[in-house]
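> this one's structure only:
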């Protein structure tokens, strides 16, 4: 076990942390202060940074982390809720070891059931890693012609068919575009038996992300009817597809193929370097194949959980109950479940 120089829980606005985190080349979108601020504003989570300081008080390792305090799922510290991954900052292997030790010490000092980390940390007692998801990441080429050479012919054909069917794409950041996507999201989450995110989350996307040029909505239309949409985040040369939704009745028109190809082309034309399709459950082979056929590389997502008391995952149990309710309930009740309970799943 490494000797912990010193660790502190800082506010995300700490000047030294902002300097370190914003300059970190490997930092992903989910470390961005605006994303953390959105989660805190929407769900009431307490945001902090666990920082290791070395000589002179400079940060040598750290990660953003949030306290999820729930009467239903207990108290947990998560880095970070509703985020596909969250890479810590560390300037050496020894600093990373110190960060792992600090996480163990933090759990002993604060009242919480477990610590959940969206990254792979060095092993410690009662700290275990697990893989339930994979990520698909596509390297973007300088031109759309070059990009198309890596796309499976089925996707190319379906994209052409979408255009023949008269589909068109709109990109926007205003509340009208966000409402259109939210309507599709409600339908999609019902099909999957999942509670929808609360409307306030999508409303806050505009305030915290879209107004700062950190993302937008892209929608597929046939005439005036919106058939499908994606929510995309953009930062440091990467585009992240965080949410996707569609009408089941019009999937045969291939709106999703046109949407993803249009988003990829936008990235190429605007000099982005990677397109992140978001995470998929390992068991969802169909979705993994869909993403892989765009030429994306599949990357296992290794998460770490520290649970010294081996507490049951009340978060998973609550989600099971919510899924039963959402499959059998009218829209107003599904929305109510999302508005009042979604934050407990973070």
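Structure received. Here the structure is a predicted model, which means the values were calculated and not measured. Numbers count the residues shown, from 1 in each chain.

> ok, so what distance separates residue 334 from residue 227?
Here residue 334 is placed at a distance of 21 Å from residue 227 (Cβ to Cβ, to the nearest Å). Placement of C-beta: from N, CA and C, glycine included.

> same deal with residue 235?
28 Å.

> who does the helix or strand hosting residue 234 pair up with?
In this assignment (DSSP states H and E), residue 234 forms part of strand 225-235. Note on strand 225-235: by DSSP bridges, its sheet partners are strand 215-222 (antiparallel), strand 238-246 (antiparallel).

> tell me the buried residues in the shortest one?
Under the neighbour-count criterion of 16 or more other Cβ atoms under 10 Å, strand 215-222 has 215-221 buried.

> next one: phi and psi at residue 70?
Geometry field for residue 70 lists phi and psi as phi -140, psi 130, criterion degrees, to the nearest 10.

> quick check: closest non-adjacent residue to it.
Taking Cβ to Cβ, 6 or more residues apart in numbering, and ignoring the residues beside it in sequence, residue 70 has residue 344 as its nearest neighbour in space, at 4.4 Å.

> just residue 127 next, same as before
Across the structure, with Cβ to Cβ, 6+ apart as the measure, the residue nearest residue 127 apart from its sequence neighbours is residue 306 (4.4 Å).

> isn't the one you found right up against residue 125?
No - in this structure, residue 306 sits apart from residue 125 without contact. The criterion is Cβ atoms under 8 Å, and the distance is 9.2 Å.

> joint contacts of those two?
Counting by Cβ atoms under 8 Å, 6 or more residues apart in numbering, the common neighbours of residue 306 and residue 125 are residue 104.

> who's more crowded, these two?
The neighbour count for residue 306 versus residue 125, taken as other Cβ atoms under 10 Å, is higher for residue 306 (21 against 8).

> ok, the more buried one - contacts?
Each residue near residue 306 by Cβ under 8 Å, 6+ apart is listed here: 103-104, 107, 114-115, 117, 124, 126-127.

> narrow those to those that are buried.
Those of the contacts of residue 306 that meet the buried threshold are 103-104, 107, 114-115, 117, 124, 127, by 16+ other Cβ under 10 Å.

> in the stretch 51-200 of the chain, which spans are strands?
Using DSSP state E, counting those that start in this stretch, the strands found in the stretch 51-200 of the chain span residues 59-70, 74-79, 89-90, 114-117, 127-139, 167-172.

> on that earlier part again, between residue 235 and residue 227, point out the one with more neighbours.
When neighbours are counted by other Cβ under 10 Å, residue 227 comes out ahead of the other of residue 235 and residue 227, with 24 against 21.
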